[in-house]
Each structure stands twice: as structure tokens, then as C-alpha cells.
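no FASTA, just this:
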């Protein structure tokens, strides 16, 4: 079982229904009944998801007995985003390498003509 | 069990050891033995975490029989980052509201003097 806050946040996000609930809450507060509507889920099933989100600090619930509106709390998402931040250069580097590779192909095409690779492919086809 | 890619990614990140392994791989490829060293964990325990990361597409492993170096694959982290992106305005809004509140306090301090709030607090203290 995860104990640290970041693990709790990521575990709460590891479910499409819970992510959809958070997405719904970006347009404002909602009751459990309102949140349950698009999912064709029972209220207890939705309540279970809300409890996971509440424990992770991703939503807060009003204290009114009948209508306990849920609202988004983005703080833990900010921490998750900060954790991901340091990996950004790795996916950006991958794109840089792809750019480099495409640049290399274009240079070769210019030098040897567009059909160089096509001919090579045809040859490979014949080898089979 | 999560089935969609984003859920698999978040589930893989919901563990401090797995996040530490990814952090280690930001400084280059490493073998299982090297990865296990800082954790005082058995090799099978580390291998289990590596399997979760590999299934989530967050690492790739070399094919050499003896030394199967692990390397970081940042693609799924980019998708997770893009998902978080649309929540950014919510934590930024929270900071805006805090800024607004602090600005309001400073304005009042300027108008009524710094001790206004202190006096109020003292009064509350006496009420108890």
C-alpha cells in the first residue's frame, strides 16, 4: 500500500473513472448524483471512487448533510507535475533525435535523389 | 486492474522505489545489480519493480543474456504530463487567490496600521 503523498496521488489517478470525475469537476462543484450520471454506475460505486480521491486530497466535499458538493483540489496534481518536470528533457531529447534523423534522410534524398530508399526497399523485397 | 495506458503509467509511478529507479536511470543505463544497490533489496524484489516499469513502457531492457541494461523511456511520462496540463490553471488560480488575499491584507495594514489583526487575535484569545 502506498504511504507517501506522491504515491497516493498517482494511485488515485490510475483509474479512468476517477480521472473522468476530476475532469467533470473542472467545470464546477457537483453532487455525487450528478457525478454518477455519465458513468451508469451505482451511487456506492461512485462514492468509493470519491473516497479514494478525497483521501488523496484531490477533492474536498461540502459539509451539508443532504447535498455534499465535491470540488477539485489541484494541489497534489501540482506536486505530480513537478515530479514529471525533471523528465521533460528526456522526451524532448527523443524528439530532437527524431528531428536529427529526419534531417539526415532529407540530406541524403537531396544528394542521391528520392528513389534511393525505395530501390533499397525493393531489393530487400526480392531477397525474401 | 488498470487496462488503459494512462492508468498503467500512473499505477507504475505510485511507488517510491519505482520512481527512484526512474530517477537513477536519468543519469544513464544501469544493470539490475546496479539498480538494486541503493535500495538494500533482493534482486528478485527489484526485478519485480522493473517488470512493472517495463510493462508500462517506462523502461526498456537490453537483449544481452548476462548484462541486460535498463534504460529510461520517457514517452508515457509525456502523456501523463499532457493529462496534468489541463489542471495547471487550477493550481495557478489557487495561487492567484492567495496573492489577492495577501494584497488585501497589505492594503488594510496600510489603511489601519499593522496591529489591527494582532488586536483582533488578542480579543479572540480573551473570548476563549
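Ah, there it is. Only a predicted model underlies this, so the values are computations on that prediction, with no experimental measurement involved.

Could you give the number of residues near residue A:68?
Neighbours of residue A:68 under the rule other C-beta atoms under 10 Å in any protein chain shown: 13. Quick note: C-beta positions are derived from backbone N, CA and C, even for glycine.

For it, which three-state class applies?
Three-state assignment for residue A:68 (DSSP: H, G, I helix; E, B strand; the rest coil): coil.

Show the contacting residues for it.
Applying C-beta atoms under 8 Å, 6 or more residues apart in numbering or on different chains to residue A:68 gives the contacts A:31, A:32, A:61, A:62.

what about the third one, distance to residue A:21?
In this case it means residue A:61. Going from residue A:61 to residue A:21 by C-beta to C-beta, to the nearest Å gives 12 Å.

list the contacts for residue A:83?
If a contact means C-beta under 8 Å, 6+ apart, then residue A:83 has A:6, B:13, B:19 as its contacts.

Give me the buried subset of the contacts of residue A:68.
For the contacts of residue A:68, a burial check counting by 16 or more other C-beta atoms under 10 Å in any protein chain shown picks out A:31, A:32, A:61.

Redo these as a markdown table? Include distance to chain B, secondary structure and pLDDT.
Putting the buried ones among the contacts of residue A:68 into a markdown table (distance: C-beta to the nearest C-beta, whole Å; DSSP: H, G, I helix; E, B strand; the rest coil; pLDDT from 0 to 100) gives the following:
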| residue | distance to chain B | secondary structure | pLDDT |
| --- | --- | --- | --- |
| A:31 | 20 | coil | 91 |
| A:32 | 21 | helix | 90 |
| A:61 | 17 | strand | 91 |
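
now residue A:57, nearest residue through space, not along the chain?
residue A:76 (5.1 Å; C-beta to C-beta, 6 or more residues apart in numbering or on different chains).

Right, I'll call it a day here.
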